[in-house]
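Student: sequence plus the predicted model coming up.
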Amino acid sequence: MKGIGIAYPGPRSVAYSSLAFHMLTTFLEDRRVGVKRIFLEDGWLEGDLRGGLPPLIMVSLPYELMYLDLVRMLDQLRIPVYRDKRREDDPIIIAGGPAVTANPSPVLPLVDAVLVGEAEPVLEGLADTLDIQGRDRILDELAGMPGMLVPGRSRLPVERVYVRDLDKAWYPIRQETPPGVEPVWGRSFMLETTRGCARGCRFCMEGSIFRPKRDRSLRVLKDLLEAGVKASKVGKVSFYSLAFFDSPHGQGILEYAVSMGLETSVPSIRAETLTPERARLIAEGGQRTITIAPETGSCRIAKAIHKPICTGGTMEAIDNAIEGGIRNVKLYIIVGIPGEEDEDLEETIQMIREAASKLRGRGMLKVSINPFIPKPVTAMQWIGLEELGALKAKIARVKKEARRVGAQVSSYDPRYAIAQTVLSRGDEEVARLVVEWARLGGRLGAMKTAAKRTGIDLSRYTGTMDPDKVPRWHELVSHPYSSLKALKREYELYINIIGGRGLRIKA
Ligand code: SF4
């Protein structure tokens, strides 16, 4: 069967909420390439499975924990899970997405190629490979494409590929969702205003791997919006960007969408960019909750992570939100940032108290508490994860205090932080852990059993790394604007600010 498989190792509702999924499927279908959509619903394979497998399957891996689902998917498709065991007529598996762009190592033994970076510049070439016969020749062709890491064939490091001019980039105008599937944020047209972020927060992987920041012009945004809601037959637009009002046209396109009578949804906002006027527009678009990510209430830690929004800035944003008619505010908090001491955590709790008191009687404060997870290609990539007991205690403390002031609280299980750290900073060895763990059912509790069976020491990946050693992911991929040298400089600035205070990390 000719064509390309687009696999999303997760449920349809999540796949159809992904702009990348719409981009891949629509781009290929518009060029009359047959597309087979493959999903994993509750761990079970579903989708277009009749008539044999296509010669190429692209697998979207935006998050590290999806590596387990990749294994489940391959097992159920009866494709040998290790690349070196595949036969001539097995499909070629190409992985892509933020997680593998930052660090492809843990999936390299499992896939035939990794697309590092953005899809648009290679999609055309990918469709052309369908005319080539033979696994070897296709892999050679892939190895010659920009941003394509083909183990054993590509020259390392592969340079991350990205779109130079978003205005000229192809865009999925038609974003159709099949009947019976409800995307996570409802049916809407997803409009990406900006790609990348220029803020340079030292912990942020997305900010780092999508550099440089690129904005669509207001003219193009308006054209896409008009055509998109019509072609997708929806009355809502969901804006896509890392820091929405950092786009010079964020306010303009929001105004335009509201003037068209559309329902609007705006992603996370930098606190200092929210004015009462912008809040009013968001409220007019029907959104009741805005999300701000101050990460910490400690000014010292905020400066160390290079996100210097102190409590004053967050409170001003909440005032502006209330003045504009927004009812609810969600705050993203990170605990366990290395260098964080008791007094820093107390300042975070104090910030939550102040936020709750501002919103009392007007709306709801929501607090999302997350452990700090060191991510590859960031200035904090060498720093270890805080010890599990300490993380649990910190989360419990913030949770208790936030609930005491009436906030609605959600938190991320720190045991998942261990799993995420291992997968995000792992090397090729970790692939064996992933396979074993997935075959044990993939539950959190099975991770330790899998580690034991494979002889993999998890602390090798969760501890502090020697900053003078080059991490494996930098040997594989070079990131324009996020070079190892630049990240190291930022790391040193971070260490200088915290001055070793509060560092309780096991090496
Ligand atoms: S945390 Fe937000 S503002 Fe900071 S670099 Fe990442 S996306 Fe940009």
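Tutor: Sure thing, it's come through. Numbers count the residues shown, from 1 in each chain.
Student: rest of the way, CA atoms for contacts and neighbours
Tutor: OK.
Student: which residues are in contact with A355?
Tutor: By C-alpha atoms under 8 Å, 6 or more residues apart in numbering, the contact set of A355 is 315, 318, 365.
Student: burial measure for the closest residue to I92 other than its chain neighbours, as a count.
Tutor: Using C-alpha to C-alpha, 6 or more residues apart in numbering and skipping the chain neighbours, the partner closest in space to I92 is L56 (4.8 Å). L56 has 23 neighbours, counted by other C-alpha atoms under 10 Å.
Student: distance of L56 from the ligand?
Tutor: 32 Å (C-alpha to the nearest ligand atom, to the nearest Å).
Student: and the lowest-mean-pLDDT helix or strand in the chain, what does it pack onto?
Tutor: One helix or strand of the chain scores below all others by mean pLDDT, DSSP states H and E: helix 120-128, with a mean of 91. Helix 120-128 sits against helix 19-30, with contacts defined as 3 or more C-alpha pairs under 8 Å, 6 or more residues apart in numbering; DSSP states H and E.
Student: run the angle between the helix it packs on and helix 120-128 for me.
Tutor: 40 degrees (axes from the mean of the first three to the mean of the last three C-alpha atoms, to 10 degrees).
Student: hmm, who's touching the strand or helix carrying R137?
Tutor: Element membership for R137 (DSSP states H and E) is helix 135-143. Residues outside helix 135-143 that contact it (C-alpha under 8 Å, 6+ apart) are 88-89, 92, 112-113, 126, 129, 132, 148-150, 153-154.
Student: quick one: which of those is the most crowded by neighbours?
Tutor: Neighbour-wise, the contacts of helix 135-143 (other C-alpha under 10 Å) top out at L149, 30 neighbours.
Student: do I have it right that that one meets G117?
Tutor: No. Distance between L149 and G117: 10.5 Å, which falls outside the contact criterion (C-alpha atoms under 8 Å).
Student: helix/strand/coil for A356?
Tutor: Three-state call for A356 (DSSP: H, G, I helix; E, B strand; the rest coil): helix.
Student: for the remainder of this discussion, apply numbering that starts at 7.
Tutor: New numbering, starting at 7: the last item is A362.
Student: so is stretch 334-346 next to the ligand?
Tutor: No. Using C-alpha under 6 Å from any ligand atom, stretch 334-346 stays clear of the ligand, with a minimum separation of 10.4 Å.
Student: now that stretch: buried residues?
Tutor: For stretch 334-346, the neighbour count (16 or more other C-alpha atoms under 10 Å) marks 334-346 as buried.
Student: do the same with stretch 409-421
Tutor: By 16+ other C-alpha under 10 Å, the buried positions in stretch 409-421 come out as 409, 411-413, 415, 417, 420-421.
Student: ok, so of these, who is nearest I85?
Tutor: R421 (30.6 Å; C-alpha to C-alpha).
Student: quick one, what contacts the closest one?
Tutor: 394, 450.
Student: so it versus G16, what's the distance?
Tutor: From R421 across to G16, the span is 21 Å (C-alpha to C-alpha, to the nearest Å).
Student: do the same with T135
Tutor: With C-alpha to C-alpha as the criterion, T135 and G16 are 27 Å apart.
Student: elements contacting the very next helix or strand once past the helix holding R143?
Tutor: Once the chain leaves helix 141-149, the next helix or strand it forms, by DSSP H and E, is strand 154-155. Contacts defined by 3+ C-alpha pairs under 8 Å, 6+ apart place strand 154-155 against strand 119-121.
Student: what does the protein have sitting close to the ligand?
Tutor: Going by C-alpha under 6 Å from any ligand atom, the residues of the chain near the ligand are 203, 205-207, 210, 212-213, 248-249.
Student: now which of those would you call buried?
Tutor: Counted by 16+ other C-alpha under 10 Å, the residues of the chain next to the ligand give 203, 206-207, 210, 212-213, 248-249 as buried.
Student: closest to A362 out of the residues you listed?
Tutor: A249 (23.6 Å).
Student: I'd like the list of the contacts of A361 that fall within helices, please.
Tutor: Members of these lying in helices (criterion: DSSP state H): 321, 324.
Student: among the contacts of A361, who's most crowded?
Tutor: Top of these by neighbour count (other C-alpha under 10 Å): I324, with 28 neighbours.
Student: mind checking how far the residue in the stretch 357-506 of the chain positioned nearest to the ligand is from A310?
Tutor: Distances between the stretch 357-506 of the chain and the ligand by C-alpha to the nearest ligand atom are smallest at T384, namely 9.9 Å. According to C-alpha to C-alpha, T384 stands 13 Å off from A310.
Student: ok, P115 next?
Tutor: Distance from P115 to A310, by C-alpha to C-alpha: 37 Å.
Student: before we move on, the earlier item: turn the residues of the chain next to the ligand into CSV, columns for secondary structure.
Tutor: Converted to CSV, the residues of the chain next to the ligand look like this (three-state DSSP):
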residue, secondary structure
C203, coil
R205, coil
G206, coil
C207, coil
C210, coil
E212, helix
G213, helix
L248, coil
A249, coil
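Student: how many neighbours does the residue lying closest to P473 once chain neighbours are set aside have?
Tutor: Nearest residue to P473, sequence neighbours excluded (C-alpha to C-alpha, 6+ apart): W388, at 5.9 Å. Applying other C-alpha under 10 Å, we find 24 residues neighbouring W388.
Student: what strand or helix carries W388?
Tutor: Using DSSP H and E, W388 falls outside every helix and strand.
Student: summarise which helices and strands the helix or strand hosting E407 is packed against.
Tutor: Using DSSP H and E, E407 sits in helix 394-410. Packing partners of helix 394-410 (3+ C-alpha pairs under 8 Å, 6+ apart): strand 334-341, helix 348-365, strand 371-377, strand 414-417, helix 420-430.
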